[in-house]
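Peer 1: make a model of this:
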Amino acid sequence: MLITPDIKYVGVNDHDIQLFEGLYEVPNGMAYNSYLILDDKIAILDTVDEGFKSPWMMQIKEVLGERRPDYLIVHHMEPDHSANILHLLEEYPEVILVASAKAFEMMKNFFGTDFEDQRVVIQEGDKLSLGKHELEFISAPMVHWPEVMMTYDATDKVLFSADGFGKFGTLDVDDDWREEARRYYIGIVGKFGMPVQHLLGKIQHKEIQIICPLHGPVLKENLAYYIGLYDVWSSYQPEEEGILIAYTSVYGNTKKAMHLLADKLKAEGYTNVHLRDLTCASMTQTVAEAFRFNKLVLASTTYNGELFPTMRDFIHRLKERNYSNRTVAFVENGSWAPNAIKFMKELFAKSSGITFAENTVKIWSVVNPNTEKELEALAKELCNQ
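Peer 2: This next block holds a predicted model:
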């Protein structure tokens with residue numbers, strides 16, 4: 001794939017992976033991106049997952065022909081991007097590694113050496129000339145590991161953004177960028193909003209025409225849209241007005257109540273309402289959707305006197321990603337002692353920027369006339385905020 005006349009794509013698609021990082025379901029697979037800049041000197045930017053050594057090396061040799069690379073720039077040390085460093089050096093032992101000091105420390109952990117005799121240690125603002133191409137390095141610690149660097153090619157106006165602006169899915173599958181990029185960002189980078197904000201401040205005055213991430217498609221058009229979404233996500237602001245209702249239901253009665261709540265919200269004129277059953281819905285997708293909207297209803301059955309396990313897991317995932325700047329409402333169900341709201345509120349005790357709805361709903365096993373009144377009151381409150 002040609003990015004610019006001098007920049008080639010040499011990444012790979014992984015169609016066999018089922019869980020990325022052992023946690024995130026990836027029904028459309030995963031792309032591990034690697035790039036190559038041809039100039040007076042040649043730079044390879046990142047390697048790929050270890051299982052794709054052969055197709056990756058084959059592409060590099062095909063692009064280079066008789067030429068040999070001068071540099072390997074390592075932006076990020078997660079093994080899906082760094083696993084083939086040693087394999088590249090076996091083929092091209094003269095290659096100089098270019099990375100941050102922290103990355104070389106990690107190489108010592110991964111490979112038993114920090115390559116002291118064939119390396120260039122870079123930091124914020126350092127530059128590397130390949131001839132026509134002038135590369136500038138941008139420090140991006142905790143986006144989303146501490147060693148991360150990005151590269152700006154001032155010649156072709158390209159930002160090599162490491163894991164930033166990435167998404168789930170292979171490059172030969174046509175899916176919605178925003179949905180899978182949101183799930184990727186919230187799941188993997190979401191905890192580190194402030195470092196992302198710092199990064200956005202660094203790149204805002206650079207002329208960027210292309211973004212080359214380590215996962216997902218190369219971005220060439222409407223870059224303000226992608227950068228704008230990263231600004232929204234990293235500042236923990238909702239993308240849009242909407243309500244997510246996330247519930248657990250053992251025998252279907254809490255589910256019936258939440259569908260009734262959704263109907264009442266729609267009757268009040270609030271149409272952007274989404275229901276998710278935490279006992280069977282994708283947890284990573286539902287967490288991402290909670291960040292998409294500005295209001296969240298949590299409805300949990302009381303289980304062993306506390307919360308249903310998937311509800312506890314869901315709230316923990318929200319908290320560890322700094323869920324904030326939203327309205328949260330609570331519903332509980334129990335046959336003899338509804339008690340879930342107490343524990344849901346306790347889990348949010350140290351969260352900032354959360355507004356709790358004044359109205360709550362207590363279900364004694366099944367919906368009754370009093371339950372309907374409480375659901376009606378909650379629907380009106382959520383619609384009038």
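Peer 1: for residue 366, helix, strand, or coil?
Peer 2: Following DSSP: H, G, I helix; E, B strand; the rest coil, we place residue 366 in the coil state.
Peer 1: in contact with the closest residue to it other than its chain neighbours, which residues?
Peer 2: With CB to CB, 6 or more residues apart in numbering as the criterion, residue 366 has its nearest non-adjacent residue at 4.9 Å, and that residue is residue 253. In short, each C-beta sits where N, CA and C put it, glycine included. Applying CB atoms under 8 Å, 6 or more residues apart in numbering, we find residue 253 in contact with 333, 363, 365, 366, 367.
Peer 1: same thing but at 7 Å, please
Peer 2: By CB atoms under 7 Å, 6 or more residues apart in numbering, the contact set of residue 253 is 333, 363, 365, 366.
Peer 1: one more: residue 286?
Peer 2: By CB under 7 Å, 6+ apart, residue 286 lies in contact with 246, 276, 278, 314.
Peer 1: which residues does the second one bridge with?
Peer 2: With DSSP bridges as the criterion, residue 276 is bridged to residue 246.
Peer 1: which two among the contacts of residue 286 are spaced furthest apart?
Peer 2: The span of the contacts of residue 286, defined through CB to CB, is set by 276 and 314 at 9.2 Å.
Peer 1: helices along this protein, start to end?
Peer 2: Per DSSP state H, the chain carries helices over the ranges 53-64, 79-82, 85-91, 101-111, 177-184, 193-203, 223-234, 253-267, 283-292, 309-320, 340-347, 369-384.
Peer 1: the third one: which residues count as buried?
Peer 2: Residues of helix 85-91 classed as buried: 85, 86, 88, 89 (neighbour count, 16 or more other CB atoms under 10 Å).
Peer 1: excluding its backbone neighbours, what's nearest the last one?
Peer 2: Distances taken as CB to CB, 6+ apart put residue 95 closest to residue 89, at 6.0 Å, once the chain neighbours are dropped.
Peer 1: who wins for neighbours among the contacts of residue 253?
Peer 2: Using other CB atoms under 10 Å as the neighbour criterion, residue 333 leads the contacts of residue 253 with 30 neighbours.
Peer 1: report the beta-bridge partner residues of it.
Peer 2: On the basis of DSSP bridges, residue 333 is bridged to residue 301, residue 363.
Peer 1: that one touches residue 256, doesn't it?
Peer 2: No. In this structure, residue 333 is not within contact of residue 256 by CB atoms under 7 Å, at 10.3 Å.
Peer 1: what about residue 134, how many residues nearby?
Peer 2: Using other CB under 10 Å, the number of residues around residue 134 comes to 14.
Peer 1: from residue 152, how far out is it?
Peer 2: The gap separating residue 134 from residue 152 is 9 Å, by CB to CB, to the nearest Å.
Peer 1: and the worst-scoring helix or strand of the chain on mean pLDDT, how far from the chain's centre?
Peer 2: When each helix and strand of the chain is scored by mean pLDDT, DSSP states H and E, strand 306-307 comes last, with a mean of 92. Chain-centre distance of strand 306-307: 29 Å, with CA atoms, centre = their mean, to the nearest Å.
Peer 1: what does stretch 54-71 give?
Peer 2: Worked out by CA atoms, centre = their mean, stretch 54-71 lies 31 Å from the chain centre.
Peer 1: and that stretch, what's buried?
Peer 2: By 16+ other CB under 10 Å, the buried positions in stretch 54-71 come out as 56, 57, 59, 60, 63, 64, 69, 70, 71.
Peer 1: burial of the residue lying closest to residue 151 once chain neighbours are set aside, as a residue count?
Peer 2: Leaving aside its sequence neighbours, residue 151 sits nearest to residue 160 (CB to CB, 6+ apart; 4.2 Å). Applying other CB under 10 Å, we find 27 residues neighbouring residue 160.
Peer 1: thank you kindly, that will do.
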